[in-house]
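Participant: got a structure for you, letters missing:
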DNA sequence: TCTGGATATAGACAGCCATCGATATAGACT
DNA sequence: AGTCTATATCGATGGCTGTCTATATCCAGA
């Protein structure tokens, strides 16, 4: 059972070279984003009014098996991009905006653009 | 021979669900960032005064073979995160800040944080 | 307590990928 | 031309990963 651990607080890429440990932590999250299906899932959750999406809504949006979607949701949850809550028969996923915010801080120092 | 193509202009994740094509384009770049070695390479280039790094400097920072580093540089170049220029015997890599900026825009709409 | 729907887990498999050693290419200097 | 250094490419390989089917688990309602 993994808590949705946040990123270690890493400096922006342009600040100084990441050490191996920092890089490993940040890479875990980017790796999770490096799949088109997971990106679409994330955008479905992020763009939903109310911030909450039932798994069934996600499954319905893809031509993939239910276990495959469940697998991708697990990956996104493990790196702290999503959380889930069960209510009655359904499980609802919501975004963890802090994690996306930290990623943004790491890649996007304003001075770099 | 691939030009260092930029991302298609995709909306922020929280704006509306990405379609399959947009997701595929964005995922390519995140996938490139989803490796600790490539992240460290990128941060070495991004944090260097003058913005330019010789391949030999990068190779020296890792305990990996020279072909492996060359492979990672190629991946970063193919997704438009780095460019390279040969001068005399050496090849220098530099950051393409626009690509990082676009990524930041996609994941980090200010309203999402 | 049984049944049915929603979601997660287990196990298998094919394709991808990070890494290596060997080799090729490019440029500088004799 | 020949040699040395710097970088890229090739081919192989072990491990990882996205997908599936089958099955388990959880919950609601009869």
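Facilitator: Nice, thanks for sending it over. Please read these numbers as outputs of a predicted model, since none were measured by experiment.
Participant: Can you pull up the most central residue in chain A?
Facilitator: Averaging the C-alpha coordinates of chain A gives a centre point, and the residue nearest to it by CA atoms, centre = their mean is residue A:81 (2.7 Å).
Participant: Check the gap between the nearest residue to it once chain neighbours are set aside and residue B:45 for me.
Facilitator: Distance criterion CB to CB, 6 or more residues apart in numbering or on different chains; nearest residue to residue A:81, sequence neighbours excluded, is residue A:99 at 5.2 Å. In short, each C-beta sits where N, CA and C put it, glycine included. Here the criterion is CB to CB, to the nearest Å. By it, residue A:99 lies 25 Å from residue B:45.
Participant: Same check on residue A:76?
Facilitator: Distance from residue A:76 to residue B:45, counting by CB to CB: 29 Å.
Participant: Same check on residue A:15?
Facilitator: Summarising the geometry, the distance separating residue A:15 from residue B:45, computed by CB to CB, is 13 Å.
Participant: Can you pick out the residue with more neighbours from these two?
Facilitator: residue B:45 (25 against 15; other CB atoms under 10 Å in any protein chain shown).
Participant: Which residues are in contact with the more buried one?
Facilitator: In this structure, residue B:45 makes contact with B:51-53, B:58, B:82, B:93-95, judged by CB atoms under 8 Å, 6 or more residues apart in numbering or on different chains.
Participant: Please pick the buried ones from the residues you listed.
Facilitator: Buried residues within the contacts of residue B:45, counting neighbours by 16 or more other CB atoms under 10 Å in any protein chain shown: B:53, B:58, B:82, B:93-95.
Participant: Inside strands: which ones of those residues?
Facilitator: Secondary-structure check on those using DSSP state E: residues within strands are B:53, B:82, B:93-95.
Participant: Could you list the buried residues of stretch A:94-109?
Facilitator: Neighbour-count burial for stretch A:94-109, with 16+ other CB under 10 Å as criterion, is recorded at A:94-97, A:99-109.
Participant: Next, the contact list for residue A:92, please.
Facilitator: Residue A:92 makes contact with A:52-55, A:84-86 under the criterion CB under 8 Å, 6+ apart.
Participant: Do you know the pLDDT at it?
Facilitator: Residue A:92 is assigned a predicted lDDT (pLDDT) of 98.
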